[in-house]
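Novice: With the sequence up front, the predicted model follows.
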Amino acid sequence: MTKPVVLLAEELSPATIEALGPDFEIRHTDGADRSQLLAAIADVDAILVRSATQVDAEAIAAAKKLKVIARAGVGLDNVDIKAATQAGVMVVNAPTSNIVSAAELTVGHILSLARHIPAASAALKAGEWKRSKYTGTELYEKKIGIIGLGRIGALITARLQAFETQILAYDPYVTSARAAQLGVQLVSLDELLEQSDFITIHMPKTPETVGMIGPEAFRKMKNSAYVINVARGGLIDEAALFDALQSGAIAGAGIDVFVKEPSTDLPFFGLDNVVVTPHLGASTEEAQEKAGVSVAKSVRLALAGELVPDAVNVAGGVIDREVRPGIPLIEKLGRVFTALTHASVTQIDVEVAGEIAGKDVKALELAALKGVFTDVVSEQVSYVNAPVLAEQRGINVRLITTEEVADYRNVLTLRGALSDGSQISVAGTLTGPKQIEKIVGVNGYDVEIPISEHLVVLIYQDRPGVVGTVGGILAENGINIAGMQVSRAQDGNQVLCLLTVDSAVPQAVLDSVREAIDASTAREVDLEG
Ligand SMILES: NC(=O)c1ccc[n+]([C@@H]2O[C@H](COP(=O)([O-])OP(=O)(O)OC[C@H]3O[C@@H](n4cnc5c(N)ncnc54)[C@H](O)[C@@H]3O)[C@@H](O)[C@H]2O)c1
Ligand SMILES: O=C(O)[C@H](O)COP(=O)(O)O
């Protein structure tokens, strides 16, 4: 059997390959080389990248077998998440792998600026013993302004509090309770810019944050202020930074990230009061090992068809142990649901009833939709694009939970409204210590039959002899019946007969059954594959 192919498009830690294990064919390419990337991505199942590989819409379109894009790090600005979602490709990252490393590099930049370490070192190596030129400043009792008090902002807070500094922060999305818990004073952006001795930025790159530190912001800063950016290039306007440094509007800057990377000759590189590093925030042994192992685990899960806790474009999250067995069941119910439809679907209710209703069951909704669309579209259907497919078709989807349930511990039901005004439904459960998957209801008829690969659903007028007729036709065509359940509608006229059979039922055979018993519904549900 051929192994799924995993493409490493950048240099990743050896632990990444170890964590992937022997079940994949591992290939390498240089993701920064566009033509190499587009050729290499064409037939791979997963791609692993850092920040130098642009996995944009063009690359995703070229990757016909791609199921997962794994970013061994935090930032996802080099991945087109929208295009990936549309194509059913899961995007995962390693959101906490390198935050300690990035926080420590930030502290390194702050100390380098405060004590002129890089400049003094370069001068001494060039034969200059200059002490007064490199007189610095203490951090003790200084005001540190953190813009973006997320994971890294919080780690920096803890580290700089050891220097007995005062931490100010600007983050409109952080509550005052959280700030108080961290021992941080939340202030407005202007207050932060005007009062801070060191201003360090830790926001994502978004339309709102790009260029946020521009000419106006520099004008509000103290002349003695230092500015540090270990977050993303573009949050600081690079031309305005050059002007502020050159004119003495600020004292200096420590910069790890740039608008264009790699960059080796920006105008401010030539200034004495700047410390630059080539995007080294995550470049430690520890961060690389954590990032590589984390995404390798996510790739293994994703390629096994599982939901992944670190997926950024799937709302599944961590799945509760008791919810997990319902996922393959409800996916099959989704396929049965589709086989029962005879007009376009306008509404789908995914109902979770019983003990698990109190848990996070969003994953069951995704799995139900995956099942509903599996036999409908030619493209790959995944947990990622199933909700998109529903939205594109104008299908309104509701997840309904209730702890009330009769007869079983849990029952999962898909109910649908069709464009011709009719309703369909299919319900299932898991029974016994072996958690056998069973169908327990179709269109309101009660049944209890284990799910098998081939099911036949018949609805007809109740009368004697029908079961014998059906059995006879299937036998004549070499189709063995494994199980059968007949259920009467409450008014006693219509009957639903659900059969499990050992092989597929050709359409012609199904048509003969329909004719022979005058069935209003005669459907085969093929869950093979
Ligand atoms: N240099 C590196 O190698 C390196 C390494 C790791 C992370 N990073 C970057 O560091 C940044 C922070 O990472 P994180 O893990 O702390 O992210 P995070 O999501 O935990 O925190 C970001 C914070 O920014 C805040 N924010 C968003 N918009 C804002 C706005 N308009 N004004 C003020 N605050 C705003 C959010 O509320 C959030 O609290 C990201 O850009 C990430 O890509 C860089
Ligand atoms: O977003 C991140 O994780 C950091 O910027 C690190 O990027 P890198 O993996 O390219 O070093």
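Specialist: Structure's in. What do you need? The structure presented is a predicted model; accordingly, all values stated were derived computationally and were not measured. Numbering: from 1, shown residues only. Ligands and ions are numbered 1, 2, ... in the order given.
Novice: Now whichever residue of the chain sits closest to ligand 1. Nearest residue, chain neighbours left out?
Specialist: Per Cβ to the nearest ligand atom, residue 150 is where the chain lies closest to ligand 1, at 1.7 Å. All C-beta spots, glycine's among them, are computed from the backbone N, C-alpha and C. Leaving out its chain neighbours, the residue that sits closest to residue 150 by Cβ to Cβ, 6 or more residues apart in numbering is residue 202, at 6.2 Å.
Novice: my guess is the one you found meets residue 152, correct?
Specialist: Yes - the pair residue 202 / residue 152 is scored as a contact, 4.6 Å apart, by Cβ atoms under 8 Å.
Novice: which neighbours do the two share?
Specialist: 106, 230, 231 (Cβ atoms under 8 Å, 6 or more residues apart in numbering).
Novice: Over to the last one: give its phi and psi.
Specialist: Read it as residue 231. phi -100, psi -80 (degrees, to the nearest 10).
Novice: Over to the one 3 residues further on?
Specialist: Backbone geometry at residue 234, expressed as degrees, to the nearest 10, gives phi 100, psi -20.
Novice: Contact partners for residue 361?
Specialist: Residue 361 neighbours (Cβ under 8 Å, 6+ apart): 323, 326, 352, 399, 401.
Novice: could these be laid out in CSV, adding distance to ligand 1 and secondary structure?
Specialist: Converted to CSV, the contacts of residue 361 look like this (distance: Cβ to the nearest ligand atom, whole Å; DSSP: H, G, I helix; E, B strand; the rest coil):
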residue, distance to ligand 1, secondary structure
323, 27, coil
326, 32, helix
352, 31, strand
399, 27, strand
401, 30, strand
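Novice: Derive a ChimeraX selection command for the buried subset of those residues.
Specialist: Applying 16 or more other Cβ atoms under 10 Å to those, the buried members can be selected in ChimeraX as follows:
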select :323,326,352
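Novice: quick one, strands of the stretch 401-529 of the chain?
Specialist: 410-418, 423-431, 436-442, 445-450, 454-461, 481-488, 494-501, 521-526 (DSSP state E, counting those that start in this stretch).
Novice: Dump the shared contacts of residue 202 and residue 152 to a markdown table, plus pLDDT and distance to ligand 2.
Specialist: What follows is the shared contacts of residue 202 and residue 152, written out as a markdown table (pLDDT from 0 to 100; distance: Cβ to the nearest ligand atom, whole Å):
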| residue | pLDDT | distance to ligand 2 |
| --- | --- | --- |
| 106 | 98 | 12 |
| 230 | 98 | 8 |
| 231 | 97 | 8 |
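Novice: Rounded mean pLDDT for stretch 164-175, please.
Specialist: Throughout stretch 164-175, pLDDT has a mean value of 95.
Novice: how close does residue 403 sit to residue 356?
Specialist: 9 Å (Cβ to Cβ, to the nearest Å).
Novice: The two: who's more crowded?
Specialist: Remark: of residue 403 and residue 356, residue 356 carries more neighbours, 21 against 12, as counted by other Cβ atoms under 10 Å.
Novice: Now residue 449: closest residue in space that isn't a chain neighbour?
Specialist: Nearest to residue 449 is residue 485, by Cβ to Cβ, 6+ apart, at 4.8 Å.
Novice: excluding its backbone neighbours, what's nearest residue 501?
Specialist: Once flanking residues are discounted, residue 501 sits nearest to residue 454: 4.7 Å by Cβ to Cβ, 6+ apart.
Novice: you'd agree the one you found is up against residue 528?
Specialist: Yes - between residue 454 and residue 528 there is a contact under Cβ under 8 Å: 7.3 Å.
Novice: where do the contact lists of those two overlap?
Specialist: residue 504.
Novice: More neighbours: which of the two?
Specialist: More crowded of residue 454 and residue 528, by other Cβ under 10 Å: residue 454, with 18 against 8.
Novice: just to revisit the earlier point, and the residue nearest to residue 150, how many neighbours does it have?
Specialist: A count of nearby residues for residue 202, using other Cβ under 10 Å, gives 27.
Novice: can you check residue 463 too?
Specialist: Neighbours of residue 463 under the rule other Cβ under 10 Å: 10.
Novice: do residue 9 as well
Specialist: Applying other Cβ under 10 Å, we find 27 residues neighbouring residue 9.
Novice: Can you give me the pLDDT of the nearest residue in space to residue 271 that is not next to it in sequence?
Specialist: Among residues not flanking residue 271 along the chain, residue 245 sits closest, at 5.2 Å (Cβ to Cβ, 6+ apart). Looking at residue 245, its pLDDT reads 98.
Novice: for the one 10 residues further on, same thing?
Specialist: The predicted structure scores residue 255 at 98 on the pLDDT scale.
Novice: Relative to residue 216, how far out is it?
Specialist: Taking Cβ to Cβ, one finds residue 255 at 19 Å from residue 216.
Novice: How about residue 173?
Specialist: 22 Å.
Novice: These two: which has the busier surroundings?
Specialist: residue 216 (12 against 9).
Novice: what about that one, which SS state?
Specialist: Classification of residue 216 using DSSP: H, G, I helix; E, B strand; the rest coil returns helix.
Novice: Quick one: end-to-end distance for stretch 458-475.
Specialist: End-to-end distance for stretch 458-475: 17 Å, by Cα to Cα, to the nearest Å.
Novice: whoops, stretch 416-428 was the one
Specialist: 15 Å.
Novice: roughly how far out does it sit from the chain middle?
Specialist: Chain-centre distance of stretch 416-428: 31 Å, with Cα atoms, centre = their mean, to the nearest Å.
Novice: What residues of it count as buried?
Specialist: Those would be 416, 417, 418, 424, 425, 426, 427, 428, for stretch 416-428 by 16+ other Cβ under 10 Å.
Novice: quick one: average pLDDT of it?
Specialist: Mean predicted lDDT for stretch 416-428 stands at 94.
Novice: For it, which outside residues touch it?
Specialist: Here stretch 416-428 has contacts from 329-330, 332-333, 336-337, 340-349, 411-415, 437-444, 451, using Cβ under 8 Å, 6+ apart.
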